[in-house]
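**Student:** I'd like to go over a predicted model; first the sequence, then the structure.
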Amino acid sequence: MSSFVKGFKLLVVNALWVICSLPIFTIGASSCAACYVCLKLLNEEDGNVVSWFFKSFKENFKQGTIIWLFIAPAFYAVTLCWGLLTGDDAEFFGKMGCLAFILVFAVSMIFIFPLMAHYHNTIKVFVRNSFLLGLQYLTKTLIAVILAALVFILWSLTPKTMIAGIFFMPGLLFFIMSFYANPIFQQLDNKKKVVVEDIEENDGDESEEVEK
C-alpha cells in the first residue's frame, strides 16, 4: 500500500471520527474505531476503511463510551494543570505536582484506545494493561506522548489552526498512537501464539482467542 493511499485512507478515518464524535459521548467509541483502522493500515491489510471503522465502533460502543466518561474529566484536569504549569501563579511544588499528574495520565492513557481496538477484555484490565505497557515500553511511550502532545499543541494554537486541524489532526493523533502500539502488540501476539501452540501440542485443548 503506497503512502498516498494510506494518507487518503487516514483522511477518511479522520472524517468518520469527526462525524461519529459529534454527539460528544461517542468520542470513546470513535477513537477505538479510528485506532482499529490505523492498526489495519499499519499491517498492510486490504479492506474497506468505512466497514472497518463501523465494525469497531459497534463492537466498542459500550466500553468506549464508559472509558470516555472517565477520560474526559481527567483530560479536563490535564488542561487545567497545563495552564498552571505554563502560568506564573503556581508555586514550584504545585507545578511539579501538575507535571507529575500530566505524565501519569499520558503514560496511562496513550495506549488505551489501541488496546481496546485490538483486544477483547474488561475495562479494568484495559486500564491496568495500558499503564503497565506504558511503563514497560517507556521509551516508545514517551516518544508517542511527546509527538501526540506536539500535534495537539499545534492544533490548539489559534482558532484558525483548530478549525483547519479538525480535517486531519485527529487522524494523525490516532495514527501516532497506533504506530507505537502496533509493534508492541505484534510482540505480545507472537509470544501468545508460542504459548498457545505449546498448550495445544501438550494438551490438545482449544485456547480462548482475545485478539480482535
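**Tutor:** Yep, it's here.

**Student:** pLDDT-wise, which helix or strand of this protein ranks last?
**Tutor:** helix 169-203 (a mean of 79; mean pLDDT, DSSP states H and E).

**Student:** So for the chain, the centremost residue is which one?
**Tutor:** F113 (3.6 Å; Cα atoms, centre = their mean).

**Student:** ok, and it, which helix or strand is that part of?
**Tutor:** helix 112-118 (DSSP states H and E).

**Student:** do the same with R128
**Tutor:** Judged by DSSP H and E, R128 forms part of helix 123-136.

**Student:** in that helix, what counts as buried?
**Tutor:** Using 16 or more other Cβ atoms under 10 Å as the burial criterion, the residues of helix 123-136 that qualify are F126, V127, N129, S130, F131, L133, G134. Every residue, glycine included, has its C-beta placed from N, CA and C.

**Student:** re earlier: how about residues contacting the helix holding F113?
**Tutor:** 28, 31-36, 38-39, 56, 60, 63-64, 67, 71, 121, 126-127, 129-130, 133, 174, 177-178, 181-182, 185, 211-212 (Cβ atoms under 8 Å, 6 or more residues apart in numbering).

**Student:** at 6 Å what do you get?
**Tutor:** 31-32, 35-36, 56, 60, 126, 130, 177-178, 181, 185, 212 (Cβ atoms under 6 Å, 6 or more residues apart in numbering).

**Student:** For V78, report the pLDDT, please.
**Tutor:** Looking at V78, its pLDDT reads 86.

**Student:** And for it, the neighbour number?
**Tutor:** 19 (other Cβ atoms under 10 Å).

**Student:** Hmm, it is touching L103, no?
**Tutor:** No. Using Cβ atoms under 6 Å, V78 is not in contact with L103, being 10.1 Å away.

**Student:** residue ranges of the helices in the chain, please?
**Tutor:** Ranges of helices within the chain are 3-20, 27-42, 49-59, 61-86, 92-109, 112-118, 123-136, 138-155, 159-165, 169-203, based on DSSP state H.

**Student:** least reliable of those going by mean pLDDT?
**Tutor:** helix 169-203 (a mean of 79).

**Student:** would you turn the contacts of helix 112-118 into JSON lines with distance to K191?
**Tutor:** Listed next are the contacts of helix 112-118 as JSON lines, based on distance: Cβ to Cβ, whole Å:
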{"residue": "S31", "distance to K191": "27"}
{"residue": "C32", "distance to K191": "24"}
{"residue": "C35", "distance to K191": "21"}
{"residue": "Y36", "distance to K191": "22"}
{"residue": "S56", "distance to K191": "24"}
{"residue": "N60", "distance to K191": "24"}
{"residue": "F126", "distance to K191": "19"}
{"residue": "S130", "distance to K191": "18"}
{"residue": "M177", "distance to K191": "22"}
{"residue": "S178", "distance to K191": "20"}
{"residue": "A181", "distance to K191": "16"}
{"residue": "F185", "distance to K191": "11"}
{"residue": "K212", "distance to K191": "18"}
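
**Student:** what residues are up against the nearest residue to F111 once chain neighbours are set aside?
**Tutor:** With sequence-adjacent residues excluded and distances taken as Cβ to Cβ, 6 or more residues apart in numbering, F111 is closest to S130, at 4.7 Å. Residues near S130 by Cβ under 6 Å, 6+ apart: S108, F111, I112, L115.
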